[in-house]
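Visitor: Predicted coordinates and the sequence they were generated for:
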Amino acid sequence: MEIIVGKANGRDFGISGQELVTGRTCIIAQSGAGKSWTIAVLCEQLCRYHIGFCIIDTEGEYFSLKDRFDLTWIGADDECDYDIERIENLKDILRDSIHSGIPVIYDVSEVEMTEKVSRLAEILYDLATEERKPYLLIVEEADKFIPQSRDSIKKIEEISRRGRKRGLGLMVATQRPAIVTKNVLSQCNNQIIGKLSIENDLKAVDLFFGSKREVEELSSLNPGDFYVMGGLTREKTRMRFGKRETKHRGLTPVLAPRTPDPVQNNPDEFPDENAPDAPNDPVVPKTPIAPKNEVVVPCNESEQRAPNKSSTPKETKPKSKPRPCVRRKKTPSFLEERALPVRIERDVALNSVVGGMKRKGLLFGTSERLVSAELIYWPLCLFQVRYISGKFRKTTQETSFLVDATHGRCADISDGLRFRACFSDYIGLSEDAIRVLDAFSISGETTAEIEAQTRLTPDVIEDAISELCRSKRITDSQMVGNREVWVPLVRHGMPRLGTGMVKIPAALELLDGGTVLERIVHEQDIRTILKVTQPTAEIIACQLFSCPVYEVKVASATGEKTIFIDGFFGKKVLIAH
Ligand SMILES: Nc1ncnc2c1ncn2[C@@H]1O[C@H](COP(=O)(O)OP(=O)(O)OP(=O)(O)O)[C@@H](O)[C@H]1O
């Protein structure tokens, strides 16, 4: 799902809604460069799509979203829906928000922030573990809550590491990336970076850019102009966030025109050597001095909020309108997931990619740059099978094989993760369709030839052919001379069972957090395929586990590519087609 948020090169510019909600995004720009504006534009879009989020509002500037959208405002203002000091049912409100998509503004601008934000993070993480629905936590002024020190709120760090698997995304905004904990910044696979001028802050973001020149360019950006990169967009793009639908409260108060007080020369201070002697007469102002109360006028003063006196919690409104909800691209297959341990640190994996790029002379400043490196878990299925072999002297054999549960390729994990095509072309097909596909030669077949080979009836073959055409395994029929011929679009022969046994190279650990790629291959798919290739085969065990893999994204002028490094052996994942 693409969400339009502004313009790039005069055209509408969209970002991935899925990444925005369940990914980890950092918004980095100096004061006044447009962070709050950007966040508000994103919030408005999320509101329009009824996607749930909770924003930690440190300046009390997001309540204006309420002018246009249905949301719950928790804070210390008279007009808040709930008094942040007295609220008892925070968990229920947040659960309601996760289900209904009605966002929560958690306004901590007038209270002791850290304790309130810690509590919120604890509750949200627990809820995400229970509910596992897409939801976004937005943390404004992240350097206050997750500084590079022991005071960092550990639950927010945990959300950055483990939230995604639970559907809980994180967006952090800061004007000082140099002082935000690297534990969170390094987890941010999406970046929105605007104007920055302080050298340490420029250094803190230079890993996201391909050249020094691009980093230097950051200091000349206008408010509202940002580089958007990572998983939010296909390629790094300089863009400008669009207009706000609701009023921006983060405006700098405007100084009203004033006339300065006349300068009273004090001869004892900073005497001007060249000045003529001061006159004895006092200086008479030529224009009247502006009255004191004309000094600073906050914009939209009439709309400024009154300070909170007291507020009582109101009843939770029933909010159960059906709302569309985003689907996670990567979902946990089940909770009790086991995986090989991570033996290779992220830096070591990255170094091996960087080393490879250096050897090719491609790194930094020329054509390629690292965009992100995320630890993911690749699901594999280990099948143990018993079958009868031998034409004349029949014996019972046992064998096992490993299948890539995301595609149905055969996997090998004896010395690094490798895949080769095998069951992939047959996953999801009916038994008859598999039988027909298996009968195809490269040059194609007529119905009569398929009938002779498979001994299936014409009706069954007709249905199987329609299924294979629909799923793009074969072409529509072509006339060769006066014969109607179907040609296969997939090339791989059906795998035959071997005799070896696969060994899992280490004890598996219970997975606690992380992103597991979606599993599309199930035991039933393999059972159906085996029925055709090895009718005597019987699956006696099927063990699902995952292999940790670093998904490293590298961008160049020609586009973005992904390299996978397995987190157990530290080798590049090989995929033979
Ligand atoms: N996309 C934009 N389009 C038009 N004006 C913008 C845009 N982004 C920012 N501005 C202008 O820049 C001003 C500063 O933006 P904003 O308040 O969002 O900065 P900030 O980075 O959040 O600052 P601070 O860190 O001090 O809170 C806004 O008041 C607005 O006038």
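Guide: Happy to help now that I have it.
Visitor: show me the contacts for residue 401.
Guide: Contacts here follow Cβ atoms under 8 Å, 6 or more residues apart in numbering; on that basis residue 401 touches 382-383, 385, 410, 497-498, 502. C-betas here are computed from N, CA, C, even on glycine.
Visitor: again, only this time at 6 Å
Guide: residue 383 (Cβ atoms under 6 Å, 6 or more residues apart in numbering).
Visitor: So what's the residue count around the residue in the stretch 101-250 of the chain positioned nearest to the ligand?
Guide: When distances are taken as Cβ to the nearest ligand atom, the stretch 101-250 of the chain reaches nearest to the ligand at residue 224, 2.7 Å away. For residue 224, the neighbour count with other Cβ atoms under 10 Å is 19.
Visitor: Now the phi/psi pair for the nearest residue to it once chain neighbours are set aside, please.
Guide: Distance criterion Cβ to Cβ, 6 or more residues apart in numbering; nearest residue to residue 224, sequence neighbours excluded, is residue 34 at 4.4 Å. Reported as degrees, to the nearest 10, the phi and psi values for residue 34 are phi 110, psi 20.
Visitor: Correct me if wrong: the residue of the stretch 101-250 of the chain closest to the ligand contacts residue 33.
Guide: No. The criterion here is Cβ atoms under 6 Å, and residue 224 misses it with residue 33 at 8.0 Å.
Visitor: re earlier: and the pLDDT at the residue of the stretch 101-250 of the chain closest to the ligand?
Guide: Looking at residue 224, its pLDDT stands at 93.
Visitor: ok, now residue 466?
Guide: In this model, residue 466 carries a pLDDT of 91.
Visitor: returning to that earlier point: the residue nearest to residue 224: neighbour count?
Guide: Count around residue 34 with other Cβ under 10 Å applied: 25.
Visitor: Residue 225 is in contact with that one, correct?
Guide: No. In this structure residue 34 lies outside contact range of residue 225 using Cβ under 6 Å: 7.6 Å.
Visitor: coming back round to it: where's the residue nearest to residue 224 relative to residue 78, distance?
Guide: In this view, residue 34 and residue 78 are 30 Å apart by Cβ to Cβ, to the nearest Å.
Visitor: ok, now residue 167?
Guide: Counting by Cβ to Cβ, the gap from residue 167 to residue 78 is 34 Å.
Visitor: Could you check which of these two is surrounded by more residues?
Guide: residue 167 (23 against 13).
Visitor: Near the ligand, which residues of the protein? Just list them.
Guide: When proximity is defined by Cβ under 6 Å from any ligand atom, the chain lies next to the ligand at 29, 31-37, 175, 223-224, 240-241, 248, 250-251.
Visitor: Any chance you could list what contacts the longest helix along the chain?
Guide: Longest helix in the chain, counting residues (DSSP state H): helix 113-131. With contacts defined as Cβ under 6 Å, 6+ apart, helix 113-131 is touched by 56, 90-91, 94-95, 98, 106, 108, 137, 145, 153, 155-156, 159, 166, 168.
Visitor: how about it: buried residues?
Guide: Using 16 or more other Cβ atoms under 10 Å as the test for burial, helix 113-131 gives 116-117, 119-125, 127-129, 131.
Visitor: try stretch 457-475
Guide: Neighbour counts over stretch 457-475 (16+ other Cβ under 10 Å) mark 460-461, 463-465, 467-468, 471, 473-474 as buried.
Visitor: What is the nearest of those residues to residue 518?
Guide: Nearest to residue 518 among the buried residues of stretch 457-475: residue 471, at 18.6 Å, using Cβ to Cβ.
Visitor: any idea how far that closest one lies from residue 531?
Guide: As judged by Cβ to Cβ, residue 471 and residue 531 stand 19 Å apart.
Visitor: go on, residue 24?
Guide: Residue 24 is 44 Å from residue 531, by Cβ to Cβ.
Visitor: What is the neighbour count of the closest residue to residue 103 other than its chain neighbours?
Guide: In space, and not counting its chain neighbours, residue 103 is closest to residue 71: 4.4 Å by Cβ to Cβ, 6+ apart. Counted by other Cβ under 10 Å, the residues lying close to residue 71 total 22.
Visitor: shouldn't residue 71 be in contact with residue 100?
Guide: No. With contacts counted by Cβ under 6 Å, residue 71 stays clear of residue 100, the gap being 10.4 Å.
Visitor: Phi first, then psi, for residue 77.
Guide: Dihedral angles phi and psi of residue 77 (degrees, to the nearest 10) take the values phi -100, psi 150.
Visitor: scratch that, residue 568
Guide: phi -100, psi -50.
Visitor: show me the contacts for the closest residue to it other than its chain neighbours.
Guide: In space, and not counting its chain neighbours, residue 568 is closest to residue 340: 4.8 Å by Cβ to Cβ, 6+ apart. Neighbouring residues of residue 340 by Cβ under 6 Å, 6+ apart: 506, 547, 568.
Visitor: Beyond the worst-scoring helix or strand of the chain on mean pLDDT, next helix or strand please.
Guide: Ranking every helix and strand in the chain by mean pLDDT, DSSP states H and E puts strand 296-297 at the bottom, with a mean of 29. Where DSSP states H and E defines the elements, the next helix or strand beyond strand 296-297 is strand 338-339.
Visitor: tell me which residues of the helix or strand that comes right after that next one are tucked away?
Guide: Under the assignment DSSP H and E, the closest C-terminal helix or strand after strand 338-339 is helix 346-359. For helix 346-359, a neighbour-count test (16+ other Cβ under 10 Å) marks 346, 349-350, 352-354, 357 as buried.
Visitor: For residue 385, give its distance to residue 541.
Guide: Counting by Cβ to Cβ, the gap from residue 385 to residue 541 is 9 Å.
Visitor: So which of the two has more stuff around it?
Guide: Shown here are residue 385 and residue 541; by other Cβ under 10 Å, residue 385 has more neighbours (21 against 12).
Visitor: Please look at residue 241 and residue 6 and confirm they touch.
Guide: Yes. Here residue 241 reaches residue 6: they are 4.2 Å apart, a contact under Cβ under 6 Å.
Visitor: Neighbour count for those two, which is higher?
Guide: residue 241 (23 against 20).
Visitor: and that one, what does it touch?
Guide: 5-6, 38, 41, 224.
Visitor: So what does it look like in phi/psi?
Guide: Torsion angles, degrees, to the nearest 10, at residue 241: phi -70, psi 150.
Visitor: And residue 244, by the same measure?
Guide: Main-chain torsions, residue 244, degrees, to the nearest 10: phi -90, psi 140.
Visitor: same question, residue 151
Guide: With angles defined as degrees, to the nearest 10, residue 151 sits at phi -80, psi -10.
Visitor: Next one: it relative to residue 230, how far apart?
Guide: For residue 151, the distance to residue 230 equals 27 Å [Cβ to Cβ].
Visitor: Please identify which of these two sits among more neighbours.
Guide: Using other Cβ under 10 Å as the criterion, residue 151 and residue 230 rank with residue 230 on top: 25 against 11.
Visitor: phi, psi of that one?
Guide: The phi/psi pair for residue 230 (degrees, to the nearest 10) is phi 80, psi -150.
Visitor: beta partners of the nearest residue to it once chain neighbours are set aside?
Guide: Of all residues not flanking residue 230 in the chain, residue 190 sits nearest, at 3.9 Å (Cβ to Cβ, 6+ apart). Here residue 190 sits in beta bridges with residue 25, residue 230, going by DSSP bridges.
Visitor: ok now do residue 190, which residues does it touch?
Guide: Residues counted as contacts of residue 190 (Cβ under 6 Å, 6+ apart) are 19, 23, 25, 230-232.
Visitor: Kindly recompute the last result at 7 Å.
Guide: Neighbouring residues of residue 190 by Cβ atoms under 7 Å, 6 or more residues apart in numbering: 19, 23-25, 230-232.
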